[in-house]
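**Student:** Fold the following, please.
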Amino acid sequence: AGEAERKQKPMPHAHSAGIQDSLVYIHHHFREPLSLEAAARQARLSPNYFSDCFRKTTGTAFQQYLQSLRLNFAKSLIQSSSLPISEISYISGFNTLTHFEKMFKRKFGDAPRSFRTMAE
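**Tutor:** Residues are numbered from 1 along each chain as shown. As a prediction, this is how the structure comes out:
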């Protein structure tokens with residue numbers, strides 16, 4: 001049993017190190033178009049296996065994690081800048097203003113413009 005345990009212990013560590021590498025990459029590149037495949041490459045895992053490991057490590061799916069990161073970044077820009085909402089949407093990594101506004105309202109309960117008015 002001792003040998004089997006020694007062989008199994010490094011595996012989760014190796015994958016969690018890969019997931020950590022991908023998280024650093026995600027946090028540096030979340031404002032750009034970012035695919036699951038690109039994040040999986042950073043972890044040196046296949047996309048499907050990366051997806052499973054990512055969910056187990058972070059407690060959330062890759063796309064949800066990425067979207068949450070983008071939305072929180074946008075929220076902080078809305079609170080701390082006078083940039084137009086459309087520009088904040090774009091620089092936060094969203095392709096369309098409509099999608100951004102819909103996702104923002106779903107996460108925070110208010111439209112970005114309403115949120116800015118409340119923050120002032």
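
**Student:** List the buried residues of stretch 92-106.
**Tutor:** With burial defined by 16 or more other Cβ atoms under 10 Å, the residues of stretch 92-106 counted as buried are 92-94, 97, 100-101, 103-104. Just so you know, the C-beta spots here come from the backbone N, C-alpha and C atoms, and that holds for glycine as well.

**Student:** closest to residue 36 among these?
**Tutor:** For these, the closest approach to residue 36 (Cβ to Cβ) belongs to residue 93, at 14.4 Å.

**Student:** Quickly note the distance from the closest one to residue 34.
**Tutor:** According to Cβ to Cβ, to the nearest Å, residue 93 stands 7 Å off from residue 34.

**Student:** same thing with residue 17?
**Tutor:** When residue 17 is compared with residue 34 (using Cβ to Cβ), they lie 20 Å apart.

**Student:** Please tell me the pLDDT value assigned to residue 27.
**Tutor:** Per-residue pLDDT puts residue 27 at 97.

**Student:** What's the separation between it and residue 43?
**Tutor:** On the measure of Cβ to Cβ, residue 27 and residue 43 end up 14 Å apart.

**Student:** and those two? which has more neighbours close in?
**Tutor:** residue 43 (24 against 9; other Cβ atoms under 10 Å).

**Student:** Which residue comes closest to residue 39 once chain neighbours are left out?
**Tutor:** Closest residue in space to residue 39, ignoring its immediate chain neighbours: residue 22 at 4.6 Å, by Cβ to Cβ, 6 or more residues apart in numbering.
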